[in-house]
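1. here is a sequence together with a model predicted from it:
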Amino acid sequence: MNTWIAQHVLAVRDAWRHLRRGGGGFLLNVLVVAIALALPFAGLTLLDNVRPVSEQLAVDPEISIFLTQDTPRAQASALAPKIRRILSDAGSKGTLDFVPREAALKSLNEKTGMADVIGALGSNPLPDSYVLKLASFRSAAEAEGIDAIARDLKALPGVETVQVDSAWVKRLAALLHILRLALLLLAVTLGVVVIAVVFNTIRLQVLNQHDEIEVSRLVGATDAYICRPFYYSGALLGLCAGALALGAVALSLQPLNGAIGDFARLYGSQFRLAPLSLLATGGLLALSALLGLIGAMLSVQRHLSKLH
Amino acid sequence: MIETPPNMIEFHNVTKHYSKDATALSDVSLSISHGEMVYLAGPSGAGKSTLLKMIAAIERPSDGRVQVNGQDLGKLKSSGLPFLRRSLGLILQQQSLLQDRSVLANVMLPLLVSGTSSNDAATRARAALDRVGLLDKAPSLPMSLSGGEQQRVAIARAIVNRPKIILADEPTANLDRAAAERVIDALTSFNAAGVTCIISTHDEQILQRAGRVIHLKQGRLIDGGAAPEGSAA
């Protein structure tokens, strides 16, 4: 075990020596890989921030059921069990609230501050209504079922209008799905770029270390011993680039949040972009190192076999 | 009880072609006993380096069989090569020291690749440098040493792993007489300690003081191929 650890410590030292020898070239490679990583990392940060907001919006979709002005209060009240039956027949759950026209008017006055205008109308122009808040509705697929519920509700006697707010939820869900897919494709493409850059860097290292590799072989080094420093070089390159990319993304949030804050305040929101969690940051650093390691492994396997 | 093979090295009808027109060795058969000191003599292109490279499995025969310490190298898998090389001490014709590492680091290399800890490797490398009279040069870079000193560093690296066989390819080439004598004296002292030494040279003065000489010419064995009677350990 001690020998195993010692061999790996030695390999890390050798890798660091190789990288230091590369000097400016190594830093340039780190920069190139960091730029490639920064784009998907920034996209992931954005999605990570938007996801909870979109989920929060999607958990309480509402259907507003407006009754005709001449519907008697008793008939309006009698609609509640029918609405609940339609809901249960559709296999959905939710809460149903009756909103009398007087309460609706009061709420309108309080929220809009247009009491004078509404008072000038003389009579209450609002109808009685029901507000149906649906649960278990978190995706565009689930949102499909709500259209059928709305159709059934529209067919009830005394119902004039059914307003479904699922359309925008579906649009948001679809947009997020597209964003996720685009980010995945971007990440895969740039992952290949990272592997290619590391592949080339390690190829040059293998060529530069040709004499050392030959001498090591002659004195009894195994292929594993020879390959190890190159693997660590690739992983270190990926790790440094990943850290740089994450740092750049975190720094860029500061000015971005200034602009986003101004925009969000217009909608009474305190929304701000937050950096990724420690766990996610650790995961991305590990992924960066893994991409570097894969690039190094492919390069070393290919070029060492040529040196045999 | 493990039986010791009668000879340390055996060549059976070994031929090596590099191409159709380039035959380095032709039907060579020879044997070298345990603890022998053998010189390979012959002009340039005689096949001395190829013969040494075959013992180290750097080159493989086109035909015939090579055995080292009872092991048939033709049957040796590539995974077994490092372990064969660890039992050998190689001193090559080209200076094979790593120029960007200190003398000490160069000598430590065979120990580190075989899993010796850094501290133990440093201690043993210093002892090896002491044996060739270069302990004071341990922190120096090879390029700051003379040709003779570099060759002695290569010897220190060859012996640091306590090999069973030392293979030296023209170890005195490009050295002045005094430096060449020191190199051969160092190799002779290791042979006296029981290490089988095979040295290729075309230095006539060195060959005059030699015991057994194997003569090669144009890839063919001229004489000296058989181990002397009763020399096996």
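-> Perfect, thanks for sending it. Keep in mind it's a predicted model, so treat the numbers as computed, not measured. Numbering: from 1, shown residues only, chains lettered A, B, ... in the order given.
2. can you list the domains in chain B?
-> Chain B breaks down by automatic domain parsing into domains covering B:1-87+B:163-233, B:99-162.
3. residue A:180 belongs to a helix?
-> Yes: Residue A:180: assigned to a helix according to DSSP: H, G, I helix; E, B strand; the rest coil.
4. and for it, the neighbour number?
-> Neighbourhood size, residue A:180 [other Cβ atoms under 10 Å in any protein chain shown]: 14. C-beta here means a position set from N, CA and C on the backbone, and glycine is covered the same way.
5. ok, now which ones touch it?
-> Taking Cβ atoms under 8 Å, 6 or more residues apart in numbering or on different chains as the contact definition, residue A:180 lies against residue A:47.
6. per-residue confidence at it?
-> Predicted confidence (pLDDT) for residue A:180: 82.
7. host element of the nearest residue to residue B:179 once chain neighbours are set aside?
-> Computed as Cβ to Cβ, 6 or more residues apart in numbering or on different chains, the closest residue to residue B:179 that is not its neighbour in sequence is residue B:148, at 2.9 Å. Assigned by DSSP states H and E, residue B:148 belongs to helix B:147-159.
8. helices or strands up against the following helix or strand past that helix?
-> Next helix or strand after helix B:147-159 toward the C-terminus (DSSP H and E): strand B:165-169. For strand B:165-169, the elements it packs on are helix B:48-55, strand B:88-91, helix B:147-159, helix B:177-192, strand B:196-201, judged by 3 or more Cβ pairs under 8 Å, 6 or more residues apart in numbering or on different chains; DSSP states H and E.
9. show me the strands in chain A, by range?
-> Using DSSP state E, the strands found in chain A span residues A:62-67, A:94-99, A:129-134, A:159-164.
10. chain A contacts on chain B?
-> B:56, B:58, B:79, B:81-86, B:90, B:92, B:96-98, B:100, B:109-110, B:112-115, B:117-118, B:157, B:161 (Cβ under 8 Å from any Cβ of the partner chain).
11. now those: which count as buried?
-> Buried by 16 or more other Cβ atoms under 10 Å in any protein chain shown: B:56, B:58, B:81-82, B:84-86, B:90, B:92, B:96-98, B:109-110, B:112-115, B:117, B:157, B:161, out of these.
12. show me the helices in the stretch 51-200 of chain A, by range?
-> A:73-89, A:101-112, A:115-120, A:140-154, A:166-208 (DSSP state H, counting those that start in this stretch).
13. out of these, flag the one nearest residue A:20.
-> Closest approach to residue A:20 among those is made by helix A:166-208 (11.8 Å; Cβ to Cβ).
14. do a quick rundown of the helices in chain B.
-> B:48-55, B:81-85, B:103-113, B:118-131, B:147-159, B:177-192, B:204-208 (DSSP state H).
15. and residue A:181, how many residues sit next to it?
-> Residue A:181 has 10 nearby residues by other Cβ under 10 Å.
16. pLDDT weak spots in chain B?
-> Residues of chain B meeting the criterion pLDDT under 70: B:1-5, B:94-95, B:210, B:225, B:227-233.
17. can we see that at 80?
-> B:1-6, B:93-95, B:174-175, B:209-211, B:223-233 (pLDDT under 80).
18. so what's the residue most central in space within it bridging to?
-> Of all residues in chain B, the one closest to the mean position by Cα atoms, centre = their mean is residue B:167, 0.7 Å from it. On the basis of DSSP bridges, residue B:167 is bridged to residue B:90, residue B:198.
19. so who does it touch?
-> Neighbour list for residue B:167: B:52, B:55-56, B:88-91, B:198 [criterion: Cβ under 8 Å, 6+ apart].
20. my guess is residue A:284 contacts residue A:242. True?
-> Yes: between residue A:284 and residue A:242 there is a contact under Cβ atoms under 8 Å: 6.1 Å.
21. of those two, which one has the most company?
-> A count of neighbours by other Cβ under 10 Å puts residue A:242 above the other of residue A:284 and residue A:242, at 27 against 21.
22. just checking, the more buried one touches residue A:285?
-> Yes: Residue A:242 is within contact range of residue A:285, at 4.9 Å (criterion: Cβ under 8 Å).
23. below-threshold pLDDT in the stretch 151-300 of chain A: ranges please.
-> For the stretch 151-300 of chain A, counting by pLDDT under 80, the residues that fall below are A:165-174, A:176, A:264, A:266-271.
24. flag every residue of it that's near chain B.
-> Checking the stretch 151-300 of chain A against chain B by Cβ under 8 Å from any Cβ, the hits are A:211-212, A:214-222, A:225.
25. return a ChimeraX selection command for the buried portion of those.
-> Provided next is the ChimeraX selection string for whichever of these are buried by 16+ other Cβ under 10 Å:
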select /A:212,214,215,216,217,218,219,220,221,222,225
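26. pick out the residue of the stretch 1-150 of chain A closest to chain B.
-> residue A:3 (4.5 Å; Cβ to the nearest Cβ).
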